[in-house]
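Chemist: Need coordinates for the below:
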Amino acid sequence: MTADVSNFYYGAVTPIAAYVMACLGAALGLRCTTRSLRRSDRKANWLLLGSVAIGCGIWTMHFIAMIGFSVGGALVSYDSGLTLFSLAVAIAVVAVGVFLVGYRGASRSNLAIAGTITGVGVAVMHYLGMAAMDAHGSIEYDAMTVVLSVVIAVVAATAALWAAVSIQGLWSTLAASLVMGVAVTGMHYTGMSAVSVHVDGVIESSQSSTSLLGFLLLMLVGPFIVLLVAAVIVMFDPDMMAAAEEPPVYMSAPAYEVPQAFEVSQWQPRQPSQPQGYEVPQPHPYEVPQSQGDEAPQPQYPDSAAPAADDSRPEGSYASW
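Modeler: Below you'll find the predicted structure:
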């Protein structure tokens with residue numbers, strides 16, 4: 001028979017807690033990718049930490065939301081191996097997308113490839129987690145709703161990867177993480193709306209079973225600790241929490257020194273070069289006597305500079321002076 005399915009057994013507590021964890025993982029992941037773009041020396045480490053933060057945030061959101069999932073008349077249990085495998089898938093597919101945009105940039109083609117891989121991977125993680133659930137019956141899905149949930153996952157993943165390499169400011173990152181939390185949580189509940197359960201028989205049990213709740217909380221301890229460690233790393237990094245952001249560094253380039261401006265006061269006239277042993281001739285000195293009467297002054301040459309007499313010139317000629 002078809003059982004009554006509810007995603008809000010504990011009311012609004014589980015969806016709000018799931019949304020908060022999705023936002024936390026997104027915010028930490030975005031801050032780590034921002035750090036990787038500004039410091040290329042440890043780029044791979046920051047991208048890996050961002051991938052783990054986003055992947056753990058998505059997976060934690062999924063299983064917190066699953067705490068509120070109930071099937072009327074059936075005791076729900078989970079396969080631990082498949083559950084942990086879905087966590088590894090979430091981290092791996094997010095890492096593929098983050099490393100693609102981190103090293104190859106946020107071009108349209110690259111974003112389309114990375115967003116599709118990550119979105120489909122997140123959807124696979126979601127349905128792997130559903131496959132790990134045993135409701136003592138058969139679980140069926142509405143095909144159109146499943147397709148819609150995958151589309152939402154791809155769009156949300158593409159937007160998240162674009163924000164990871166494009167948004168640098170602290171407040172912009174927080175705003176983007178809130179939007180990403182809505183998208184991821186919306187994808188989960190869209191996929192859950194496609195579920196219908198046919199139980200084999202009536203099993204009297206309580207959804208608040210200690211074993212079930214204890215198992216889910218135990219599964220959440222590890223990812224929550226990882227998110228806590230990532231939050232501590234981000235908080236104690238001064239460049240991450242600074243309000244004033246520096247532009248991202250996509251590649252290292254050798255430093256270029258701007259030449260000093262030329263000042264006019266530094267200019268010195270060029271001195272003409274003289275050959276060795278050459279002396280510049282000096283003009284012969286002469287004296288100009290004081291004028292007497294109306295007679296014009298005549299230059300007085302020294303004996304060595306006076307012109308030699310030439311009796312051959314005719315008297316009164318110009319040259320006879």
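
Chemist: Going by C-alpha atoms from here, please, whenever you check contacts or count neighbours.
Modeler: Fine.

Chemist: Okay, now the unreliable bits of the stretch 1-150 of the chain?
Modeler: Within the stretch 1-150 of the chain, the ranges that satisfy pLDDT under 70 run 1, 73-74.

Chemist: ok, which stretches of it are helices?
Modeler: Here the stretch 1-150 of the chain has its helices, by DSSP state H, counting those that start in this stretch, at 13-38, 43-67, 80-104, 108-131, 143-166.

Chemist: Show me what the fourth one packs onto, helices and strands only.
Modeler: Contact here means 3 or more CA pairs under 8 Å, 6 or more residues apart in numbering; DSSP states H and E; on that basis helix 108-131 packs against helix 80-104, helix 143-166.

Chemist: in the longest one, what counts as buried?
Modeler: The neighbour-count criterion (16 or more other CA atoms under 10 Å) identifies 82-84, 86-102 as the buried residues of helix 80-104.

Chemist: For H62, give its distance to A26.
Modeler: 14 Å (CA to CA, to the nearest Å).

Chemist: More neighbours: which of the two?
Modeler: Using other CA atoms under 10 Å as the criterion, H62 and A26 rank with A26 on top: 31 against 25.

Chemist: Isn't that one up against A175?
Modeler: No: counting by CA atoms under 8 Å, A26 does not reach A175; the two are 10.4 Å apart.

Chemist: A18: what's it in contact with?
Modeler: T60, M61, H62, F63, I64, A65, T185 (CA atoms under 8 Å, 6 or more residues apart in numbering).

Chemist: how about 6 Å then?
Modeler: M61, I64, A65 (CA atoms under 6 Å, 6 or more residues apart in numbering).

Chemist: That one and I58: what is the separation?
Modeler: Distance of A18 to I58, given as CA to CA: 9 Å.

Chemist: Over to A163?
Modeler: For A163 relative to I58 (CA to CA), the value is 16 Å.

Chemist: likewise M125?
Modeler: 9 Å.

Chemist: And the two? Which one has more around it.
Modeler: Each of M125 and I58 has its neighbours counted (other CA under 10 Å); I58 has more, 31 against 25.

Chemist: Around the closest residue to the more buried one other than its chain neighbours, how many other residues sit close by?
Modeler: In space, and not counting its chain neighbours, I58 is closest to A22: 5.5 Å by CA to CA, 6 or more residues apart in numbering. Using other CA under 10 Å, A22 is surrounded by 29 other residues.

Chemist: just checking, A22 touches A183?
Modeler: No: A22 sits out of contact with A183 when judged by CA atoms under 6 Å, with a separation of 9.4 Å.

Chemist: Same question for L218, what's its three-state structure.
Modeler: Secondary structure, DSSP: H, G, I helix; E, B strand; the rest coil: L218 is helix.

Chemist: Can you report phi and psi for V199?
Modeler: The phi and psi values for V199, taken as degrees, to the nearest 10, are phi -80, psi 150.

Chemist: Show me what it is bridged to.
Modeler: G137 (DSSP bridges).

Chemist: Let me know whether it touches G137 as I believe.
Modeler: Yes: if you go by CA under 6 Å, V199 and G137 touch, sitting 3.9 Å apart.

Chemist: The two: who's more crowded?
Modeler: V199 (20 against 16).

Chemist: Quick check, pLDDT for that one.
Modeler: As predicted, V199 sits at a pLDDT of 76.

Chemist: what does the one 3 residues further on give?
Modeler: As summarised for this prediction, V202 has a pLDDT of 55.

Chemist: The one 3 residues further on now?
Modeler: Per-residue confidence (pLDDT) for S205: 50.

Chemist: Give me the residues contacting stretch 177-196.
Modeler: Applying CA under 6 Å, 6+ apart, the contact partners of stretch 177-196 are 19, 22-23, 26-27, 139-142, 145-146, 149, 152-153, 156.
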